[in-house]
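Trainee: A structural model of the following input is requested.
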Amino acid sequence: MHRKRGRMAKRKSNALRWVIGIVIIAIIIIGAVLIFTPKETGVIKIGFIAPLSGDTAVYGTASRGGAEIAIEEINNAGGINGKKLEVIYEDGKCNGKDSATAANKLISIDNVFVIFGTVCSAETLAIAPIAESNKIILLSAASSAPSITEAGDYIFRTWPSDSLQGKEMAEYVYGKGIKKVAIINMNSDYPVGLANVFKETFVQLGGEVLISEIYEPTAKDFRTQLTKIKAKNPEAIYIIPYTAEAGILVKQIKELGIKAELYGPETFHSQEVINTAGNASEGIVYMMPKFDETEQLTKELLDKYKTKYGKDSPFAVVTANTYDGVYIIAEGLKKGVSSDAVKGYLYTLKDYPGTAGVLTIDQNGDALKDFQFMIIKEGKLQEFS
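Mentor: A predicted model of the protein is given here:
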């Protein structure tokens, strides 16, 4: 009898030890999960890459301003389903190397699944394969190189492709009776892509590109290229600069006595061009995505920019495009906090009433927007028809 009771007591003791062991293991597992599982912070991190230093910082500054205003408004209104948006800003410097480095850092260290802001095509094209392979949304505010159309399923932009602008400008110039032109452009993705589209269309129409000259991004003296152009005696010159060199280039054209009509893209839409070139900029005709600064929503945004930073946006259309982009991303995040949820929303975007105009995104992630002609006249940037 005593032996039986002893065996029963031993069994109970073993069972108790077994239960205690299981409980301890469970506590250890739960503790480990709590330690190593990311804590809910109430914050959604997104990345921003744009040129924040160097000659192209004028675009990055304009873009960041639009982003900061939009983020502040969205967070003050309650964020995304109660979560705040937090932006990590990186300097892409308008080149592929720095942009790729910034993208890898944002993805691998900061764990973002959305990157926006890129204004230079070189930035977007360098980031695109990284974003695509990691299924990260990339939304560009101003990149226009035609090759971005095929960059990937997660790559989008709120700025129309140069395949549209280059074609329309070539048709316009040829339609004016001009048959012989010259082209001069910076050696970078955006200017090269635009130059190629213009040239192809102009030649198809029956025109002749007498000479096509390229200069490097750091160039400040264009007299060698311009002397070659002058020798060809073109009726018009299609100039595709990126930043501050636009005014210098135009000034040197006039100094060399070149009489050709001057045409260009949206990079001429800057008071800085007029400040640098002076009277030499008079009469330049350029194209840009349709943009009306007098529209109520647009005017309100630009007034907010001036109030916040104490000066006008250096490139209003880029500010507006980025501002719209942040709100579009926010709407996508409301569908679900993942890259696929945002992607799904972007592909359905149609007739979005933004501050930069009405926006539709097509099946390639490209923005469908109209263009307008502008002219520098009497020292002002004016719409031209």
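Trainee: Pretty sure Pro129 sits against Gly152.
Mentor: Yes: using CB atoms under 8 Å, Pro129 makes contact with Gly152 at a distance of 7.3 Å. Every C-beta, even on glycine, is put in place using the N, C-alpha and C of the backbone.
Trainee: Neighbour count: the two, which is higher?
Mentor: Each of Pro129 and Gly152 has its neighbours counted (other CB atoms under 10 Å); Gly152 has more, 18 against 14.
Trainee: how close does that one sit to Ala128?
Mentor: For Gly152, the distance to Ala128 equals 6 Å [CB to CB, to the nearest Å].
Trainee: What segments of the stretch 251-385 of the chain are strands?
Mentor: 261-264, 285-289, 352-354, 357-361, 367-368, 371-377, 380-384 (DSSP state E, counting those that start in this stretch).
Trainee: what mean pLDDT would you report for the last one?
Mentor: On average, the pLDDT along strand 380-384 is 90.
Trainee: can you check the fourth one too?
Mentor: For strand 357-361, mean pLDDT is 95.
Trainee: For that strand, buried residues please.
Mentor: Gly357, Leu359, Ile361 (16 or more other CB atoms under 10 Å).
Trainee: now the longest one
Mentor: Using 16+ other CB under 10 Å as the burial criterion, the residues of strand 371-377 that qualify are Phe371, Gln372, Phe373, Met374, Ile375, Ile376.
Trainee: Columns pLDDT and distance to Lys232 on top of those residues, output as CSV?
Mentor: Shown next, in CSV, are those (pLDDT from 0 to 100; distance: CB to CB, whole Å):
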residue, pLDDT, distance to Lys232
Phe371, 91, 28
Gln372, 93, 30
Phe373, 96, 25
Met374, 96, 27
Ile375, 97, 25
Ile376, 96, 24
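Trainee: Any chance of TSV for those, columns distance to Ile115?
Mentor: What follows is these, written out as TSV (distance: CB to CB, whole Å):
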residue	distance to Ile115
Phe371	27
Gln372	29
Phe373	33
Met374	30
Ile375	36
Ile376	35
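Trainee: What residues does the spatially closest residue to Glu300 that is not a sequence neighbour make contact with?
Mentor: Excluding its sequence neighbours, the residue lying closest to Glu300 (CB to CB, 6 or more residues apart in numbering) is Thr355, at 7.9 Å. Residues near Thr355 by CB atoms under 8 Å, 6 or more residues apart in numbering: Glu295, Leu297, Thr298, Glu300, Leu301, Ala320, Tyr323, Asp324.
Trainee: Now with 10 Å, please.
Mentor: Thr355 makes contact with 66, 70, 291-293, 295-302, 316-317, 319-324, 327, according to CB atoms under 10 Å, 6 or more residues apart in numbering.
Trainee: Neighbour count says what about these? Which are buried?
Mentor: Among the contacts of Thr355, those classed as buried by 16+ other CB under 10 Å are 66, 70, 291, 295, 297-298, 301-302, 316-317, 319-324, 327.
Trainee: Filter these down to the ones in helices?
Mentor: 66, 70, 297-298, 301-302, 316-317, 319-324, 327 (DSSP state H).
Trainee: from these, which two are the most distant?
Mentor: Across these, the longest distance by CB to CB is 16.8 Å; it joins Ala316 and Tyr327.
Trainee: after the lowest-mean-pLDDT helix or strand in the chain comes which helix or strand?
Mentor: Within the chain, confidence by mean pLDDT, DSSP states H and E is lowest for helix 2-36 among all helices and strands, at a mean of 47. Next along the chain after helix 2-36, taking DSSP states H and E as the criterion, comes strand 43-50.
Trainee: Tell me which other helices or strands that following strand touches.
Mentor: helix 57-76, strand 84-91, helix 96-108, strand 114-116, helix 121-133, strand 137-140, helix 316-335 (3 or more CB pairs under 10 Å, 6 or more residues apart in numbering; DSSP states H and E).
Trainee: helices or strands next to the second one in the packing?
Mentor: By that I understand strand 84-91. Looks like strand 84-91 contacts strand 43-50, helix 57-76, helix 96-108, strand 114-116, helix 316-335 (3+ CB pairs under 10 Å, 6+ apart).
Trainee: What strands flank the first one, and is each parallel or antiparallel?
Mentor: Put plainly, it is strand 43-50. strand 84-91 (parallel), strand 114-116 (parallel) (DSSP bridges).
Trainee: So for it, mean pLDDT?
Mentor: 97.
Trainee: give the contact list for the residue nearest to Asn95 when sequence neighbours are not counted.
Mentor: Distances taken as CB to CB, 6+ apart put Ala122 closest to Asn95, at 5.5 Å, once the chain neighbours are dropped. Ala122 makes contact with 51, 56, 92-99, 143, 145, 188-190, 217, 242 under the criterion CB under 10 Å, 6+ apart.
Trainee: Put the buried members of those into a PyMOL selection.
Mentor: In PyMOL, this line selects whichever of these come out buried by 16+ other CB under 10 Å:
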select buried, resi 51+56+92+93+94+95+96+98+99+143+145+188+189+190+217+242
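Trainee: Pull the number of nearby residues for the nearest residue to Gly247 once chain neighbours are set aside.
Mentor: In space, and not counting its chain neighbours, Gly247 is closest to Thr276: 2.7 Å by CB to CB, 6+ apart. Residues lying near Thr276 (other CB under 10 Å) number 18.
Trainee: Surely Thr276 touches Lys220?
Mentor: No: Thr276 lies out of contact with Lys220 (CB atoms under 10 Å); the separation is 11.1 Å.
Trainee: quick one: common contacting residues for those two?
Mentor: Ala244, Glu245, Ile248, Leu249.
Trainee: Kindly state the beta-bridge partners for Ile211.
Mentor: Bridge pairing for Ile211 - DSSP bridges - gives Ala182.
Trainee: got a list of what it touches?
Mentor: So Ile211 contacts 180-184, 225, 228-232, 234, 237 (CB under 10 Å, 6+ apart).
Trainee: Next, work out how far apart it and Lys232 are.
Mentor: Distance from Ile211 to Lys232, counting by CB to CB: 5 Å.
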